[in-house]
Structure formats: structure tokens, C-alpha cells
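# Have a look at this prediction, sequence included:
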Amino acid sequence: MSVIARRWTRLLALLAALGAAPAWAVDPQELKAAIVFNLLLFVEWPADAVAGSTVSLVLCVSPSNALNAPLKALQGRPVRSQLLDVRELPAGASRAVCHAVYLDAADTARQAGAKLELAAMALVISDDVESPSPQSAIVLRHVGGRMGFDVNLEAARQARLQFSSKLLRLARRVNDR
């Protein structure tokens, strides 16, 4: 299968995941984990961010996060030219090894007032709609019984990340401030 065909297949999978109805009896945490994984497919990190880790793309999650187990189930899946490496990082641990970090509301509350210690080029995905970290480039949210997401381009620019135009078109809202 060509690279373009694989990307379109992944985009269709993301669309399907975003539009999944609750009546399908899909575990909400597994759905969210699948969405997080699919979002990673449409992000481009600067070459120097992934140069030292040519084999894996590191996604960090706290041990107590509800998505910990569903994300770990995706361990080893291909993300672009790398394999997903899901790592548990307790609060206060250095996240300098992370290419991406998933935060929920409890993670945000634990680090209230402190700037999230991240690698300079880390993608932060949050599902804390009320008070996401200012470094959150993508915020997941429920919209009318469906999962959607907002994009913060300023946070992405600060992390030197590029988002696919396809991802931006799927976003519920794109903030550029």
C-alpha cells in the first residue's frame, strides 16, 4: 500500500473514531486512546526532535491516568516512520524524553501553578476542557455526544510542531493566538 493510501486510511479511521456513537458500546477510554494515537499520525516533529530516537516516538502518560492502559495497548504501533513507545511518567518526573504527553484533568490539577517540564518540541494533548495547560496544542472534548478536538497553533509553534492540513480541517476550533 502506498504512503498516500495509508495516510488516507488513517485519516478515515480518525474520522470514524471521532464520529463513533455512544450506542456502539465502545469503551470511552479506548476510543480516546485511539483518537490520541491517530492524532499523532498527523503531526510532524522537527528533525532534531526525533533524530536521537529513530526507532520510537515516545508518548508519556502518568501512571494514574485513565488512558494509561488503553494507550499501552497501542505500544509498538507504527507512527510515521517510528514505533509508538508509551511510557509511564509519575508527577514531577522529567518529561524531557517525551515527544508527546497526554494529560487529563487530574494531571493538570496535580501540576497547578507549575509549568509543565517538557522537551522543547513535545506535543501536549489534553482532555481538560476547563483549564488545559497553556502548552496544550490539542484539547479533546465531547461535542454533542461525539469526540472532537481544538487546536492551539501558538502552542504548536512554540514546540516547533507542524500539523497536517487534514488534521486542522477536522478540528472543531483552531486558535491562532
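That came in fine, so what should we check first? All of these numbers come straight from a predicted model, not from anything done at the bench.

# List the contacts of Trp86.
Quick fix: residue 86 is Val, not Trp. Contact partners of Val86, counting by C-beta atoms under 8 Å, 6 or more residues apart in numbering, are 59-61, 71-72, 74-75. The C-beta positions use only the backbone N, C-alpha and C, and glycine is treated the same way.

# Tell me where this protein has helices.
Here the chain has its helices, by DSSP state H, at 3-18, 28-40, 47-50, 68-72, 105-110, 153-158, 165-170.

# any idea which of these scores lowest on pLDDT?
Among these, helix 3-18 carries the lowest mean pLDDT, a mean of 55.

# For Leu59, give the beta-bridge partners.
Leu59 has the following beta-bridge partners by DSSP bridges: Val86, Ala100.

# From Lys166, how far out is the residue lying closest to Arg80 once chain neighbours are set aside?
Counting by C-beta to C-beta, 6 or more residues apart in numbering, the nearest residue to Arg80 once its immediate chain neighbours are dropped is Leu41, at 6.8 Å. Distance, Leu41 to Lys166, by C-beta to C-beta, to the nearest Å: 10 Å.

# Those two: which has the busier surroundings?
Legend: neighbour count by other C-beta atoms under 10 Å for Leu41 and Lys166, higher for Leu41 (19 against 15).

# do you know how far that one is from Asn152?
Look at Leu41 and Asn152: by C-beta to C-beta, they are 19 Å apart.

# same check, this time on Ala93
24 Å.

# Name the residue in the two with the higher neighbour count.
Legend: neighbour count by other C-beta under 10 Å for Ala93 and Asn152, higher for Asn152 (24 against 15).

# what comes up buried for stretch 71-81?
For stretch 71-81, the neighbour count (16 or more other C-beta atoms under 10 Å) marks 71, 74, 79 as buried.

# then it to PDB, C-alphas only?
Extracted in PDB, the C-alpha atoms of stretch 71-81 (Å, rounded to 0.1, in the frame of the first residue of the first chain):
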ATOM      1  CA  LEU A  71      -2.600   3.700  25.400                       C
ATOM      2  CA  LYS A  72      -0.200   0.900  26.400                       C
ATOM      3  CA  ALA A  73      -2.300  -1.400  24.400                       C
ATOM      4  CA  LEU A  74      -1.200   0.600  21.300                       C
ATOM      5  CA  GLN A  75       2.500   0.100  22.200                       C
ATOM      6  CA  GLY A  76       4.700  -0.700  19.200                       C
ATOM      7  CA  ARG A  77       2.200   0.500  16.500                       C
ATOM      8  CA  PRO A  78       3.800   2.500  13.700                       C
ATOM      9  CA  VAL A  79       3.600   6.300  13.800                       C
ATOM     10  CA  ARG A  80       5.000   7.600  10.600                       C
ATOM     11  CA  SER A  81       8.500   6.000  10.400                       C
END
